[in-house]
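Chemist: predicted model, plus sequence, below.
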Amino acid sequence: MNTKHTPGPWVVQEWADGTRAIEHGTGDDIVPRCAMKAADAALVAAAPAIYEALAGMLRRYPEQPGTYTPEGAAARAAILRAKGEA
């Protein structure tokens, strides 16, 4: 699947004042330094890996339109949202 987002890995950078940023492996900010819960930061940083895993599952286990399981439909909807197409 073609993507327009910055490829992973993304990492959480934490500062002593409790703020966090999500950075690309090059040090470029994906999400600028801000107040963010650790769990939220971890989820955002995992987004590229989650996207690739889900897209890979959909490629490996294709379903025919009209026969999607609820999980397959939810997976496809999530990929479209991630791509900005929903």
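Modeler: Sure, I can see it. Numbers count the residues shown, from 1 in each chain.
Chemist: just the helices in the protein please.
Modeler: 38-60, 70-82 (DSSP state H).
Chemist: can you find the helix or strand of the chain with the lowest average pLDDT?
Modeler: Least confident element among the helices and strands of the chain, by mean pLDDT, DSSP states H and E: strand 29-34 (a mean of 88).
Chemist: which strands and helices sit next to it?
Modeler: Contacts defined by 3 or more CB pairs under 8 Å, 6 or more residues apart in numbering; DSSP states H and E place strand 29-34 against strand 20-24, helix 38-60. No exception for glycine: its C-beta is placed from N, CA and C like everyone else's.
Chemist: only C-alpha atoms, please: export it in PDB.
Modeler: Extracted in PDB, the C-alpha atoms of strand 29-34 (Å, rounded to 0.1, in the frame of the first residue of the first chain):
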ATOM      1  CA  ASP A  29       9.700  15.800  14.900                       C
ATOM      2  CA  ILE A  30       6.600  13.900  13.900                       C
ATOM      3  CA  VAL A  31       4.600  15.400  16.800                       C
ATOM      4  CA  PRO A  32       6.300  18.400  18.400                       C
ATOM      5  CA  ARG A  33       7.200  18.600  22.100                       C
ATOM      6  CA  CYS A  34       4.000  18.900  24.100                       C
END
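Chemist: quick one, it and strand 20-24 angle?
Modeler: Angle, strand 29-34 to strand 20-24, by axes from the mean of the first three to the mean of the last three CA atoms, to 10 degrees: 170 degrees.
Chemist: quick one: buried residues of strand 29-34?
Modeler: 30, 31 (16 or more other CB atoms under 10 Å).
Chemist: could you check the pLDDT of residue 8?
Modeler: With respect to pLDDT, residue 8 scores 85.
Chemist: find the nearest non-adjacent residue to it, please.
Modeler: residue 48 (3.1 Å; CB to CB, 6 or more residues apart in numbering).
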